[in-house]
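Asks: sequence? don't have it. structure:
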(Lines give C-alpha, C1' and ligand atoms only; values in the text may rest on other atoms or scores of the structure.)
Protein backbone atom coordinates (compact mmCIF):
# COMPACT_ATOMS: atom_id res chain seq x y z
CA UNK A 1 0.00 0.00 0.00
CA UNK A 2 2.80 2.36 1.04
CA UNK A 3 4.69 1.50 -2.14
CA UNK A 4 1.67 2.32 -4.28
CA UNK A 5 1.25 5.72 -2.61
CA UNK A 6 4.94 6.48 -3.19
CA UNK A 7 4.63 5.60 -6.87
CA UNK A 8 1.56 7.82 -7.30
CA UNK A 9 3.33 10.70 -5.52
CA UNK A 10 6.39 10.19 -7.75
CA UNK A 11 4.30 10.32 -10.91
CA UNK A 12 2.50 13.49 -9.77
CA UNK A 13 5.82 15.17 -8.91
CA UNK A 14 7.35 14.15 -12.24
CA UNK A 15 4.40 15.55 -14.17
CA UNK A 16 4.57 18.77 -12.13
CA UNK A 17 8.32 19.17 -12.80
CA UNK A 18 7.81 18.56 -16.50
CA UNK A 19 4.90 21.00 -16.71
CA UNK A 20 6.81 23.77 -14.92
CA UNK A 21 9.73 23.28 -17.31
CA UNK A 22 7.49 23.26 -20.35
CA UNK A 23 5.60 26.42 -19.38
CA UNK A 24 8.74 28.34 -18.58
CA UNK A 25 10.21 27.52 -22.00
CA UNK A 26 7.15 28.25 -24.18
CA UNK A 27 7.83 31.98 -24.48
CA UNK A 28 11.36 31.51 -25.69
CA UNK A 29 10.49 29.03 -28.42
CA UNK A 30 10.17 30.37 -31.93
CA UNK A 31 6.61 29.09 -32.14
CA UNK A 32 5.66 30.52 -28.78
CA UNK A 33 3.70 33.61 -28.01
CA UNK A 34 5.78 36.75 -27.61
CA UNK A 35 5.57 38.73 -24.41
CA UNK A 36 5.57 41.98 -26.41
CA UNK A 37 1.93 42.84 -26.04
CA UNK A 38 -0.33 45.64 -24.83
CA UNK A 39 1.18 48.36 -26.99
CA UNK A 40 -0.87 50.25 -29.57
CA UNK A 41 -0.47 48.57 -32.95
CA UNK A 42 1.50 50.86 -35.28
CA UNK A 43 -0.81 52.35 -37.88
CA UNK A 44 -0.04 51.91 -41.55
CA UNK A 45 -1.43 53.12 -44.82
CA UNK A 46 -0.88 50.88 -47.82
CA UNK A 47 -2.67 49.87 -51.00
CA UNK A 48 -4.18 46.43 -51.28
CA UNK A 49 -3.78 44.21 -54.34
CA UNK A 50 -6.72 45.97 -56.02
CA UNK A 51 -5.19 49.38 -55.43
CA UNK A 52 -7.65 50.23 -52.68
CA UNK A 53 -6.38 52.07 -49.58
CA UNK A 54 -5.69 49.83 -46.63
CA UNK A 55 -5.27 51.65 -43.34
CA UNK A 56 -5.19 49.89 -40.00
CA UNK A 57 -6.83 52.81 -38.17
CA UNK A 58 -10.01 52.24 -40.21
CA UNK A 59 -10.49 48.94 -38.42
CA UNK A 60 -10.50 50.40 -34.90
CA UNK A 61 -13.39 48.77 -33.03
CA UNK A 62 -12.77 45.44 -34.75
CA UNK A 63 -10.51 42.60 -33.75
CA UNK A 64 -7.74 42.49 -36.35
CA UNK A 65 -5.69 39.42 -37.24
CA UNK A 66 -2.61 40.85 -38.96
CA UNK A 67 -0.69 38.17 -40.82
CA UNK A 68 2.82 38.73 -42.20
CA UNK A 69 3.33 36.01 -44.81
CA UNK A 70 4.77 35.27 -48.24
CA UNK A 71 4.00 32.93 -51.10
CA UNK A 72 7.41 31.24 -50.74
CA UNK A 73 6.80 30.51 -47.04
CA UNK A 74 5.42 26.98 -46.72
CA UNK A 75 4.21 27.29 -43.11
CA UNK A 76 2.38 30.51 -44.08
CA UNK A 77 0.51 28.70 -46.81
CA UNK A 78 -0.75 26.14 -44.32
CA UNK A 79 -2.20 28.92 -42.18
CA UNK A 80 -4.06 30.85 -44.86
CA UNK A 81 -7.02 28.47 -45.37
CA UNK A 82 -7.64 28.73 -41.63
CA UNK A 83 -7.58 32.53 -41.79
CA UNK A 84 -10.04 32.45 -44.69
CA UNK A 85 -12.32 30.26 -42.56
CA UNK A 86 -11.94 32.55 -39.53
CA UNK A 87 -12.85 35.56 -41.67
CA UNK A 88 -16.02 33.81 -42.83
CA UNK A 89 -16.95 32.48 -39.42
CA UNK A 90 -16.28 35.56 -37.29
CA UNK A 91 -16.84 38.45 -39.70
CA UNK A 92 -20.24 39.36 -38.25
CA UNK A 93 -18.81 39.38 -34.74
CA UNK A 94 -16.17 41.90 -35.77
CA UNK A 95 -13.09 40.01 -36.95
CA UNK A 96 -11.01 41.49 -39.76
CA UNK A 97 -8.08 39.56 -41.18
CA UNK A 98 -5.40 41.59 -42.97
CA UNK A 99 -2.55 39.99 -44.88
CA UNK A 100 0.81 41.66 -45.35
CA UNK A 101 2.82 39.85 -47.98
CA UNK A 102 6.59 40.04 -47.71
CA UNK A 103 7.04 38.92 -51.30
CA UNK A 104 9.31 41.08 -53.43
CA UNK A 105 6.60 41.74 -56.03
CA UNK A 106 2.80 41.51 -56.44
CA UNK A 107 2.58 38.93 -59.24
CA UNK A 108 2.87 35.70 -57.21
CA UNK A 109 0.71 37.26 -54.48
CA UNK A 110 -2.12 38.01 -56.91
CA UNK A 111 -1.99 34.47 -58.27
CA UNK A 112 -2.00 33.03 -54.80
CA UNK A 113 -4.83 35.34 -53.68
CA UNK A 114 -7.09 33.98 -56.42
CA UNK A 115 -6.00 30.40 -56.07
CA UNK A 116 -6.71 30.33 -52.34
CA UNK A 117 -9.89 32.44 -52.66
CA UNK A 118 -8.64 34.82 -50.01
CA UNK A 119 -11.50 36.86 -48.60
CA UNK A 120 -9.59 39.60 -46.82
CA UNK A 121 -7.39 42.49 -47.94
CA UNK A 122 -3.74 41.82 -48.71
CA UNK A 123 -1.03 44.43 -49.28
CA UNK A 124 2.65 44.19 -49.98
CA UNK A 125 4.74 44.91 -46.90
CA UNK A 126 7.55 47.39 -46.62
CA UNK A 127 10.76 47.51 -44.63
CA UNK A 128 9.35 50.43 -42.63
CA UNK A 129 6.21 48.52 -41.68
CA UNK A 130 8.19 45.42 -40.71
CA UNK A 131 10.46 47.54 -38.50
CA UNK A 132 7.44 49.22 -36.91
CA UNK A 133 6.22 45.78 -35.84
CA UNK A 134 9.54 44.88 -34.29
CA UNK A 135 11.16 43.37 -37.36
CA UNK A 136 9.82 40.49 -39.42
CA UNK A 137 12.95 38.35 -39.61
CA UNK A 138 11.34 35.08 -40.54
CA UNK A 139 7.83 34.08 -41.41
CA UNK A 140 5.06 33.68 -40.56
CA UNK A 141 4.41 36.31 -37.90
CA UNK A 142 0.85 36.88 -36.72
CA UNK A 143 -0.50 39.68 -34.56
CA UNK A 144 -3.88 39.84 -32.87
CA UNK A 145 -5.08 43.37 -32.27
CA UNK A 146 -7.99 44.06 -29.93
CA UNK A 147 -10.93 46.39 -30.54
CA UNK A 148 -9.03 49.09 -28.63
CA UNK A 149 -6.15 48.97 -31.10
CA UNK A 150 -3.73 47.29 -28.72
CA UNK A 151 -1.62 44.33 -29.73
CA UNK A 152 -3.05 41.45 -27.72
CA UNK A 153 -0.74 38.72 -29.00
CA UNK A 154 2.18 38.08 -31.32
CA UNK A 155 2.92 34.63 -32.69
CA UNK A 156 6.28 34.02 -34.34
CA UNK A 157 6.22 30.91 -36.48
CA UNK A 158 3.39 28.64 -37.44
CA UNK A 159 0.58 29.29 -34.99
CA UNK A 160 -1.48 26.54 -33.42
CA UNK A 161 -4.96 27.23 -34.72
CA UNK A 162 -6.98 26.11 -31.64
CA UNK A 163 -4.92 28.50 -29.51
CA UNK A 164 -5.38 31.34 -31.98
CA UNK A 165 -9.10 30.73 -32.36
CA UNK A 166 -9.58 30.76 -28.60
CA UNK A 167 -7.76 34.09 -28.40
CA UNK A 168 -9.88 35.50 -31.23
CA UNK A 169 -13.06 34.43 -29.47
CA UNK A 170 -12.07 36.02 -26.19
CA UNK A 171 -11.10 39.29 -27.94
CA UNK A 172 -14.38 39.32 -29.86
CA UNK A 173 -16.28 38.97 -26.59
CA UNK A 174 -14.61 42.06 -25.15
CA UNK A 175 -16.71 45.08 -26.10
CA UNK B 1 14.89 7.39 4.42
CA UNK B 2 15.30 4.55 1.95
CA UNK B 3 11.75 5.09 0.73
CA UNK B 4 12.45 8.79 0.22
CA UNK B 5 15.55 8.04 -1.84
CA UNK B 6 13.55 5.63 -3.95
CA UNK B 7 10.89 8.27 -4.46
CA UNK B 8 13.50 10.81 -5.60
CA UNK B 9 14.98 8.30 -8.02
CA UNK B 10 11.60 7.52 -9.58
CA UNK B 11 10.76 11.25 -9.89
CA UNK B 12 14.05 12.01 -11.63
CA UNK B 13 13.66 9.08 -14.03
CA UNK B 14 10.07 10.00 -14.95
CA UNK B 15 10.82 13.71 -15.34
CA UNK B 16 13.83 12.93 -17.54
CA UNK B 17 11.72 10.64 -19.66
CA UNK B 18 9.05 13.32 -20.08
CA UNK B 19 11.63 16.00 -20.87
CA UNK B 20 13.24 13.81 -23.52
CA UNK B 21 10.20 12.70 -25.41
CA UNK B 22 7.25 15.02 -24.91
CA UNK B 23 8.89 18.32 -26.02
CA UNK B 24 9.93 16.62 -29.25
CA UNK B 25 6.27 16.15 -30.03
CA UNK B 26 5.53 19.82 -29.25
CA UNK B 27 8.41 20.98 -31.42
CA UNK B 28 7.22 18.93 -34.33
CA UNK B 29 3.70 20.26 -33.91
CA UNK B 30 5.09 23.79 -34.00
CA UNK B 31 7.04 23.24 -37.17
CA UNK B 32 10.24 24.31 -35.49
CA UNK B 33 13.27 22.61 -34.01
CA UNK B 34 12.58 19.48 -35.95
CA UNK B 35 11.45 19.05 -39.52
CA UNK B 36 8.00 17.70 -40.23
CA UNK B 37 7.48 14.75 -42.47
CA UNK B 38 6.33 16.70 -45.48
CA UNK B 39 7.32 15.58 -48.97
CA UNK B 40 9.41 18.76 -49.24
CA UNK B 41 11.29 17.96 -46.06
CA UNK B 42 11.83 14.35 -47.12
CA UNK B 43 13.26 15.55 -50.41
CA UNK B 44 15.56 17.98 -48.62
CA UNK B 45 16.65 15.43 -46.05
CA UNK B 46 17.81 13.27 -48.86
CA UNK B 47 19.72 16.18 -50.32
CA UNK B 48 23.22 17.33 -49.55
CA UNK B 49 21.93 20.07 -47.29
CA UNK B 50 20.42 17.85 -44.63
CA UNK B 51 21.18 19.15 -41.11
CA UNK B 52 24.58 17.96 -40.00
CA UNK B 53 26.01 17.58 -43.47
CA UNK B 54 29.50 18.81 -44.31
CA UNK B 55 28.16 21.45 -46.71
CA UNK B 56 26.64 23.41 -43.84
CA UNK B 57 28.26 25.96 -41.56
CA UNK B 58 26.80 26.93 -38.21
CA UNK B 59 26.24 30.60 -37.34
CA UNK B 60 28.76 30.56 -34.48
CA UNK B 61 31.44 29.11 -36.77
CA UNK B 62 30.79 31.72 -39.46
CA UNK B 63 30.98 34.50 -36.86
CA UNK B 64 34.37 33.18 -35.72
CA UNK B 65 35.66 33.12 -39.30
CA UNK B 66 34.35 36.61 -40.07
CA UNK B 67 35.80 38.06 -36.87
CA UNK B 68 39.13 36.30 -37.00
CA UNK B 69 41.99 38.65 -37.96
CA UNK B 70 43.55 35.84 -39.97
CA UNK B 71 42.36 33.20 -42.40
CA UNK B 72 40.44 33.25 -45.63
CA UNK B 73 37.24 35.26 -45.53
CA UNK B 74 34.29 33.93 -47.50
CA UNK B 75 32.21 35.77 -50.02
CA UNK B 76 28.83 35.84 -48.27
CA UNK B 77 25.83 35.85 -50.60
CA UNK B 78 22.22 36.35 -49.52
CA UNK B 79 19.83 34.31 -51.62
CA UNK B 80 16.67 35.13 -49.66
CA UNK B 81 13.86 37.68 -50.01
CA UNK B 82 14.90 41.31 -50.42
CA UNK B 83 12.65 42.65 -47.64
CA UNK B 84 14.36 40.37 -45.16
CA UNK B 85 17.81 41.47 -46.35
CA UNK B 86 16.82 45.13 -46.04
CA UNK B 87 15.78 44.65 -42.42
CA UNK B 88 18.88 42.77 -41.35
CA UNK B 89 21.83 41.08 -42.97
CA UNK B 90 25.34 39.90 -42.27
CA UNK B 91 27.84 42.73 -42.72
CA UNK B 92 29.55 42.39 -46.07
CA UNK B 93 26.90 40.05 -47.44
CA UNK B 94 25.83 40.83 -51.00
CA UNK B 95 22.21 40.61 -52.00
CA UNK B 96 21.75 38.28 -54.97
CA UNK B 97 18.04 37.51 -55.16
CA UNK B 98 15.83 34.66 -54.03
CA UNK B 99 17.24 31.28 -54.96
CA UNK B 100 13.75 29.95 -55.64
CA UNK B 101 13.33 32.50 -58.40
CA UNK B 102 14.80 32.14 -61.90
CA UNK B 103 15.94 35.79 -61.81
CA UNK B 104 17.71 35.13 -58.52
CA UNK B 105 19.54 32.16 -60.01
CA UNK B 106 20.47 34.22 -63.06
CA UNK B 107 21.87 36.98 -60.79
CA UNK B 108 23.84 34.37 -58.89
CA UNK B 109 25.24 32.96 -62.13
CA UNK B 110 26.32 36.44 -63.27
CA UNK B 111 27.88 37.30 -59.91
CA UNK B 112 30.03 34.20 -59.67
CA UNK B 113 30.97 33.87 -63.34
CA UNK B 114 34.36 35.62 -63.04
CA UNK B 115 35.28 34.06 -59.70
CA UNK B 116 37.86 31.30 -59.19
CA UNK B 117 36.12 27.95 -58.66
CA UNK B 118 38.02 27.36 -55.42
CA UNK B 119 36.72 30.55 -53.83
CA UNK B 120 35.21 30.19 -50.37
CA UNK B 121 31.52 31.15 -50.69
CA UNK B 122 28.83 31.11 -48.01
CA UNK B 123 25.18 31.18 -49.06
CA UNK B 124 22.39 32.04 -46.67
CA UNK B 125 18.71 32.87 -46.52
CA UNK B 126 16.91 32.59 -43.14
CA UNK B 127 13.42 33.29 -44.42
CA UNK B 128 11.82 30.39 -42.61
CA UNK B 129 12.55 27.07 -40.89
CA UNK B 130 15.32 25.10 -42.57
CA UNK B 131 13.13 22.31 -43.86
CA UNK B 132 10.86 24.88 -45.54
CA UNK B 133 13.46 27.21 -47.05
CA UNK B 134 12.93 27.28 -50.81
CA UNK B 135 16.05 29.32 -51.58
CA UNK B 136 19.28 27.76 -50.36
CA UNK B 137 19.06 24.41 -52.13
CA UNK B 138 18.59 25.82 -55.69
CA UNK B 139 21.37 28.37 -55.09
CA UNK B 140 23.70 25.68 -53.77
CA UNK B 141 22.85 23.42 -56.70
CA UNK B 142 23.66 26.22 -59.13
CA UNK B 143 27.10 26.87 -57.63
CA UNK B 144 27.78 23.14 -57.60
CA UNK B 145 26.79 22.96 -61.25
CA UNK B 146 29.09 25.90 -62.04
CA UNK B 147 31.99 23.94 -60.57
CA UNK B 148 32.51 25.72 -57.24
CA UNK B 149 34.18 23.40 -54.78
CA UNK B 150 34.31 25.44 -51.55
CA UNK B 151 30.70 26.41 -50.95
CA UNK B 152 29.05 26.33 -47.54
CA UNK B 153 25.45 27.08 -46.68
CA UNK B 154 24.71 28.85 -43.40
CA UNK B 155 22.55 26.54 -41.29
CA UNK B 156 19.65 28.58 -39.93
CA UNK B 157 17.26 26.17 -38.20
CA UNK B 158 14.40 28.60 -37.52
CA UNK B 159 14.89 31.98 -39.15
CA UNK B 160 17.42 34.80 -39.37
CA UNK B 161 15.89 36.61 -36.41
CA UNK B 162 16.02 33.71 -33.96
CA UNK B 163 19.30 32.18 -35.12
CA UNK B 164 21.39 35.24 -35.95
CA UNK B 165 20.02 38.70 -35.13
CA UNK B 166 18.61 37.95 -31.66
CA UNK B 167 21.73 36.01 -30.75
CA UNK B 168 23.65 39.24 -31.04
CA UNK B 169 25.71 38.27 -34.07
CA UNK B 170 26.91 41.14 -36.29
CA UNK B 171 24.04 42.60 -38.29
CA UNK B 172 23.42 45.66 -40.39
CA UNK B 173 20.34 47.07 -42.09
CA UNK B 174 19.64 48.51 -45.48
CA UNK B 175 21.41 48.13 -48.81
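Replies: Right, received. Where do you want to start? Being a predicted model, the structure only gives us computed values, none of them experimental.
Asks: quick one: which helix or strand includes residue B:138?
Replies: For residue B:138, the enclosing helix or strand under DSSP states H and E is helix B:136-145.
Asks: the strands in chain A, which residues?
Replies: With DSSP state E, the ranges of strands along chain A come out as A:45-47, A:53-55, A:63-69, A:95-101, A:122-124, A:141-145, A:151-156.
Asks: over to chain B?
Replies: With DSSP E as the criterion, chain B has strands spanning B:56-57, B:75-78, B:94-95, B:121-124, B:151-154.
Asks: possible to save these as CSV with mean neighbour count, distance to chain A and mean pLDDT?
Replies: Backbone N, C-alpha and C define where each C-beta goes, glycine included. Listed next are the strands of chain B as CSV, based on neighbours: other C-beta atoms under 10 Å in any protein chain shown; distance: least, C-beta to the nearest C-beta, whole Å; pLDDT from 0 to 100:
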stretch, mean neighbour count, distance to chain A, mean pLDDT
strand B:56-57, 18, 18, 98
strand B:75-78, 22, 13, 98
strand B:94-95, 15, 11, 98
strand B:121-124, 24, 13, 98
strand B:151-154, 23, 14, 98
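Asks: nearest to residue A:105, out of those?
Replies: With C-beta to C-beta as the criterion, residue A:105 lies closest to strand B:94-95 of the strands of chain B, at 15.0 Å.
Asks: could you give the number of residues near the closest residue to residue A:38 other than its chain neighbours?
Replies: Sequence neighbours aside, residue A:150 is the residue nearest to residue A:38 in space, at 5.7 Å (criterion: C-beta to C-beta, 6 or more residues apart in numbering or on different chains). A count of nearby residues for residue A:150, using other C-beta atoms under 10 Å in any protein chain shown, gives 13.
Asks: for the residue in chain B that chain A sits nearest to, give me its contacts.
Replies: Shortest chain B-to-chain A distance, computed as C-beta to the nearest C-beta: residue-wise this is residue B:159, at 2.2 Å. Counting by C-beta atoms under 8 Å, 6 or more residues apart in numbering or on different chains, residue B:159 makes contact with A:30, A:137, A:138, A:139, A:157, B:126, B:127, B:128, B:129.
Asks: how close does it sit to residue B:132?
Replies: Separation of residue B:159 from residue B:132 (C-beta to C-beta, to the nearest Å): 10 Å.
Asks: repeat that for residue B:83.
Replies: 17 Å.
Asks: cool, residue A:139 as well?
Replies: On the measure of C-beta to C-beta, residue A:139 and residue B:132 end up 9 Å apart.
Asks: the two: which is more packed in?
Replies: Using other C-beta under 10 Å, the more surrounded residue of residue A:139 and residue B:132 is residue A:139, with 28 against 24.
Asks: surely the more buried one and residue A:102 touch.
Replies: Yes. Residue A:139 lies in contact with residue A:102 (C-beta atoms under 8 Å); the separation is 6.2 Å.
Asks: need the residues touching each of these two.
Replies: A:68, A:69, A:70, A:73.
Asks: most neighbours among those residues, which one?
Replies: residue A:70 (28 neighbours).
Asks: contacting residues around that residue?
Replies: Neighbour list for residue A:70: A:76, A:101, A:102, A:103, A:139, B:81, B:127 [criterion: C-beta under 8 Å, 6+ apart].
Asks: same thing but 7 Å
Replies: Applying C-beta atoms under 7 Å, 6 or more residues apart in numbering or on different chains to residue A:70 gives the contacts A:76, A:101, A:102, A:103, A:139, B:81.
Asks: please apply the same query to residue B:142.
Replies: Counted by C-beta under 7 Å, 6+ apart, residue B:142 has contacts B:105, B:108, B:109.
Asks: out of the residues you listed, which are buried?
Replies: B:105, B:108 (16 or more other C-beta atoms under 10 Å in any protein chain shown).
Asks: just give me the neighbour total for residue 52.
Replies: No chain in the question, so chain A it is. Applying other C-beta under 10 Å, we find 10 residues neighbouring residue A:52.
Asks: to clarify, I was referring to chain B.
Replies: 6.
Asks: pull the contacting residues for whichever residue of chain A sits closest to chain B.
Replies: Nearest residue of chain A to chain B: residue A:138, at 2.2 Å (C-beta to the nearest C-beta). Contacts for residue A:138 (C-beta under 7 Å, 6+ apart) come out as B:126, B:127, B:128, B:158, B:159, B:160, B:161, B:162.
Asks: pull the contacting residues for residue 80.
Replies: No chain in the question, so chain A it is. Applying C-beta under 7 Å, 6+ apart, the residues near residue A:80 are A:69, A:116, A:118.
Asks: try chain B instead
Replies: B:98, B:125, B:126, B:127, B:135.
Asks: how near is the nearest residue to the second one once chain neighbours are set aside to residue B:57?
Replies: It stands for residue B:125. Sequence neighbours aside, residue B:80 is the residue nearest to residue B:125 in space, at 3.6 Å (criterion: C-beta to C-beta, 6+ apart). Going from residue B:80 to residue B:57 by C-beta to C-beta gives 16 Å.
Asks: do the same with residue A:149
Replies: Distance from residue A:149 to residue B:57, by C-beta to C-beta: 44 Å.
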